[in-house]
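Novice: Give me coordinates for this.
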Amino acid sequence: MKDKIIIATRESLLALWQAEHVKKRIEDTYPEIQVELLPVTTKGDQILDRSLLEIGGKGLFIKELEKLLLEKKADIAVHSLKDMTAVIPDGLKLAAVTAREDPRDAFVSLEYGSLQELPEGAVVGTSSLRRQAQLLHLWPDLQIKTLRGNVQTRLRHLDEGNYDAVILAAAGLKRLGLQERIQSYISTCDSIPAAGQGVMAIETRIGDDETMEIIQFIHDEKVASCIMAERAFLEKVGGDCKVPAGIYAVPFLGHIEAVAFIGSPDGKEMYKRSLNGQTQDAKQLGESLAEALIADGGGRILEELRK
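Specialist: Modelled structure (predicted):
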């Protein structure tokens, strides 16, 4: 067995927390293995004055990490799974997924306790088309303003009075010990999460069987089947943050229950469906949900966004 594992990670506090979490788990299970972090600043972290939609999508958060894997400068990369595009580069694979932290979106504000309390015209910060579409569908009088940067940067913008509220992933706030900033949680019915939200992913090189064997104890099989459905849906609808779509799947007595949507960015059109199926049919379940929503009218929305 190899005596050293190098983990590629982004330099944000949340990414480092996640990488340190995986590092500690490996060290606790394999005390004889030395684990090192290799932090890098990605293009997605560097360009903060434009939306992800403008600069190329959420894949910009992980390309540099994947390059380190392919160049054999790192053995694994730890990601927030929701930051991964649906298609993984040749030579790499999604090797393990962790148990899921809280998948919900969180409402954070200095003055208001929930979305329902916001006045007409309130400014809400988010960088996600998924969140934007669902927020405007339920609260069309809100003013959505792009918000980029790591968790601390987004909270600082709120604290400086640039927004009435911001919407962040509950999982990230909880992992950073910032749950006291959460005023309320948005249900997964009102804001269907991004594929993989709340799950950490470990990516490795295909063929590196030794590393694969070492990290398998981290892998959560129940979550993995749900992730298979969610990522199959994601691939079918177009793959990343350029698409106002979301899906959330949960395991239930050998089945998977999933709910998904495709909506217009202004929230005026919203197509939503739920479906359940056998765990072994997870990929087909995700694809079927996507195909149904595309047929309902979501396909026209996706075509418009590609123009």
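Novice: For the host helix or strand of Ala282, buried residues please.
Specialist: Element membership for Ala282 (DSSP states H and E) is helix 282-293. Burial within helix 282-293, assessed by neighbour count using 16 or more other Cβ atoms under 10 Å, is assigned to Ala282, Leu285, Gly286, Glu287, Ser288, Leu289, Ala290, Leu293. Using the backbone N, CA and C atoms, a C-beta is placed for each residue, glycine as well.
Novice: Is the third one in contact with Val237, as I believe?
Specialist: No - between Gly286 and Val237 there is no contact under Cβ atoms under 8 Å: 9.8 Å.
Novice: on that earlier part again, go through the buried residues of helix 282-293 and name the one nearest Leu138.
Specialist: Leu293 (18.2 Å; Cβ to Cβ).
Novice: so what's the closest one up against?
Specialist: Val237, Ala245, Ala260, Phe261, Ile262, Tyr271, Lys272, Arg273 (Cβ atoms under 8 Å, 6 or more residues apart in numbering).
Novice: any idea how far it is from Arg300?
Specialist: Remark: distance between Leu293 and Arg300 (Cβ to Cβ, to the nearest Å) = 11 Å.
Novice: Kindly report the same for Tyr30.
Specialist: In terms of Cβ to Cβ, Tyr30 sits 52 Å off from Arg300.
Novice: Over to Ile247?
Specialist: For Ile247, the distance to Arg300 (Cβ to Cβ) stands at 19 Å.
Novice: Would you mind telling me which of those two has more residues around it?
Specialist: More crowded of Ile247 and Arg300, by other Cβ atoms under 10 Å: Ile247, with 30 against 14.
Novice: residues in contact with Ala229?
Specialist: Ala229 sits in contact with Ile247, Ala249, Ile256, Ala258, Ala282, Lys283, Leu285, Gly286, Leu289, where contact means Cβ under 8 Å, 6+ apart.
Novice: just to revisit the earlier point, using CSV, write out every CA atom in the following helix or strand past the helix holding Ala282.
Specialist: Once the chain leaves helix 282-293, the next helix or strand it forms, by DSSP H and E, is helix 299-306. Extracted as CSV, the C-alpha positions of helix 299-306 are listed here (Å, rounded to 0.1, in the frame of the first residue of the first chain):
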residue,chain,number,x,y,z
GLY,A,299,-36.9,21.7,-23.5
ARG,A,300,-38.0,25.0,-25.0
ILE,A,301,-36.5,26.9,-22.1
LEU,A,302,-33.2,25.1,-22.5
GLU,A,303,-33.1,25.8,-26.2
GLU,A,304,-33.7,29.5,-25.5
LEU,A,305,-30.8,29.6,-23.1
ARG,A,306,-28.4,28.0,-25.6
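Novice: Touching helix 299-306 from outside, list them.
Specialist: Under the criterion Cβ under 8 Å, 6+ apart, residues Val237, Gly238, Lys242, Val243, Pro244, Ile262, Gly263, Ser264, Pro265, Glu269, Ile294 lie in contact with helix 299-306.
Novice: Give me the distance between the first one and Cys189.
Specialist: Just to be clear, that refers to Val237. 20 Å.
Novice: What are the boundaries of the helices in the protein?
Specialist: Using DSSP state H, the helices of the chain run over 13-29, 43-46, 52-55, 63-70, 129-138, 151-159, 170-175, 209-215, 221-237, 282-293, 299-306.
Novice: Alright, I will stop here.
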